[in-house]
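[1] build the 3D model from these lines:
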Amino acid sequence: MARECYATKKKGMSGNNRSHGMNATKRRWKANLQKVRVIDEDGTVTKRLVSTRALRSGLVKRA
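    The predicted model follows:
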């Protein structure tokens with residue numbers, strides 16, 4: 001299962017590390033995801049991965 005935000009669908013990003021010599025090596029930036037108990041649309045409580053931005057902005061309802 002890919003690590004993805006339940007509310008905003010944010011995922012990790014990929015790119016390059018750049019040294020002073022401009023050598024490129026692959027790297028990955030991970031989304032800041034937290035495991036949170038969330039109340040779904042139908043009222044059930046489930047544990048979901050939610051980004052901290054979604055938590056702060058109130059996009060999900062915590063249980």
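[2] in three-state terms, label the residue of the chain most remote from its centre for me.
    Farthest-out residue of the chain from its mean C-alpha position, per Cα atoms, centre = their mean: residue 21, at 32.0 Å. For residue 21, the assignment made with DSSP: H, G, I helix; E, B strand; the rest coil gives coil.
[3] what's it sitting at in phi/psi?
    phi -90, psi 10 (degrees, to the nearest 10).
[4] again, but for residue 54
    phi -70, psi -40.
[5] what do you get for residue 52?
    Torsion angles, degrees, to the nearest 10, at residue 52: phi -70, psi -30.
[6] what of residue 53?
    Per degrees, to the nearest 10, the backbone of residue 53 is at phi -70, psi -40.
[7] confidence score at the closest residue to it other than its chain neighbours?
    Counting by Cβ to Cβ, 6 or more residues apart in numbering, residue 8 is the residue found nearest to residue 53 once chain neighbours are left out, at 6.8 Å. (C-beta placed from N, C-alpha, C; glycine too.) Reading off the confidence values, residue 8 has pLDDT 96.
[8] what about residue 8, distance to residue 48?
    In this view, residue 8 and residue 48 are 12 Å apart by Cβ to Cβ, to the nearest Å.
[9] coming back round to it: wait, what's in contact with the residue farthest from the centre of the chain?
    Taking Cβ atoms under 8 Å, 6 or more residues apart in numbering, we find residue 21 in contact with no residue.
[10] low-confidence ranges in the protein?
    1 (pLDDT under 70).
[11] so where do the strands sit in it?
    For the chain, the strands defined by DSSP state E occupy 13-18, 24-29, 33-39, 45-51.
[12] now stretch 8-22: buried residues?
    Going by neighbour count (16 or more other Cβ atoms under 10 Å), the buried part of stretch 8-22 is residue 10.
[13] next, the contact list for the closest residue to residue 24 other than its chain neighbours, please.
    By the measure of Cβ to Cβ, 6+ apart, the closest residue to residue 24 outside its immediate chain neighbours is residue 16, 4.2 Å from it. Going by Cβ under 8 Å, 6+ apart, residue 16 touches 24-27.
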